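In: Give the three-dimensional model of this entry:
(2 chains)
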Amino acid sequence: MKALASALLAGLIFGVGLCVSGMTNPENIAAFLDVFGEWSPNLAGVMLGAIAVHAAWLRWGARKRVAAADQGPSGSGRRIDAALVGGAALFGVGWGLSGYCPGPALVALGSGARGAFVFCLAMAAGMLLREAPRWTTRRSGKASVIVP
Amino acid sequence: MLFAIIGGALIGLSASLYWSLNGRVAGISGILSGALLDHGHERWMKISFLLGLLAAGVAFAIFTDRVPAPTLPLLPLSAAGLLVGFGTRMSGGCTSGHGVCGLSRLSVRSLVAVLTFMFTAALTVFVVRHVLKLWVQA
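Out: Numbering: from 1, shown residues only, chains lettered A, B, ... in the order given. A predicted model of the protein is given here:
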């Protein structure tokens, strides 16, 4: 129960951060990515603010070591391979096209707009497509850690 | 720029809490796919995170103009959604997982991923806005 409450709080703060930063507006994403237009450095400011706080936390504040099972996207044991670079390249095309990465896209559902639901459904479909091997783990009940 | 940095700091705080209290990396693409495909407690934890995220979206959409509706036509919007979903799971992270959490941990893999998606995103915006001249508001 405590874990669910802290996850809810973390999600809430994350969403508030995204909204405060203005990154939920695709125009602001495009303004950063459009190097040949009227360039805006705001996205870099968001990244720097986030990394400064989180890096400092990891360096000086974190007491609990992360569960070994979840080294997350940046697991140090994994290699730089075609999946990493190819996947990131595909993600970048979708991000540049729409101005939405997963966080802002989910927050945009709050607008109640049809486009936000269409984007999130397509995003979930893309994830399920890629993670098709995990569908079967549902029946076996085994831990489902897939290394891309 | 001040709002960008403050918002970013809140995102960093969220990632720190999720790391220390839940022992997980706050990567949104991983949390969403986990909410869809994980089991039991792990799944409920990720659903809880998403509920918090959505609550913030609803509140800001009601009380501010910071959560605008997407303006892109539905066809390119859904194509982009597919690419974002498929690509983030293929590379194992998105702007938050690789960008915020990975770079904070000085992960070389995450740096490679971030440079790659920043490059293809900027290239896509260049082609859409300056070559094809599509969907650009005057």
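In: And the residue nearest to the spatial centre of chain B, how far from chain A?
Out: What sits nearest the mean C-alpha location of chain B, by C-alpha atoms, centre = their mean, is B:Thr95, with 5.1 Å. Per C-beta to the nearest C-beta, to the nearest Å, B:Thr95 is found 4 Å from chain A. For the C-beta atoms, the positions are set from N, CA and C on the backbone; glycine is no exception.
In: That residue: what's it in contact with?
Out: With contact taken as C-beta atoms under 8 Å, 6 or more residues apart in numbering or on different chains, B:Thr95 is in contact with A:Trp95, A:Cys101, A:Pro102, A:Gly103, B:Ile28, B:Phe117.
In: Give me the nearest residue to B:Ile31, chain neighbours excluded.
Out: Excluding the flanking residues, the one nearest B:Ile31 by C-beta to C-beta, 6 or more residues apart in numbering or on different chains is B:Lys46, at 4.7 Å.
In: Might you list the low-confidence residue ranges for chain A?
Out: A:62-78, A:136-148 (pLDDT under 70).
In: And the longest helix seen in chain B, how far out from the chain middle?
Out: Longest helix of chain B, by residue count under DSSP state H: helix B:40-63. Mean-position distance between helix B:40-63 and its chain equals 14 Å (C-alpha atoms, centre = their mean, to the nearest Å).
In: still on that earlier bit, which of the contacts of B:Thr95 lies closest to A:Ala132?
Out: Set against A:Ala132, the nearest of the contacts of B:Thr95 by C-beta to C-beta is A:Pro102 (18.8 Å).
In: quick check: domain ranges of chain A?
Out: Under the assignment automatic domain parsing, the domains of chain A span A:26-64, A:80-134.
In: Any chance of CSV for these, columns mean neighbour count and distance to B:Leu13?
Out: Output for the domains of chain A, formatted as CSV (neighbours: other C-beta atoms under 10 Å in any protein chain shown; distance: least, C-beta to C-beta, whole Å):
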stretch, mean neighbour count, distance to B:Leu13
domain A:26-64, 18, 6
domain A:80-134, 22, 15
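In: Name the surrounding residues that touch stretch A:114-123.
Out: Contacting residues not belonging to stretch A:114-123 are listed as A:98, A:100, A:102, A:105-106, A:108-109, B:32, B:69-72, B:74, B:77-82, B:84-85 [C-beta under 8 Å, 6+ apart].
In: ok so, going back, closest to B:Gly23 out of the domains of chain A?
Out: For the domains of chain A, proximity to B:Gly23 was assessed by C-beta to C-beta; domain A:26-64 is nearest, at 6.0 Å.
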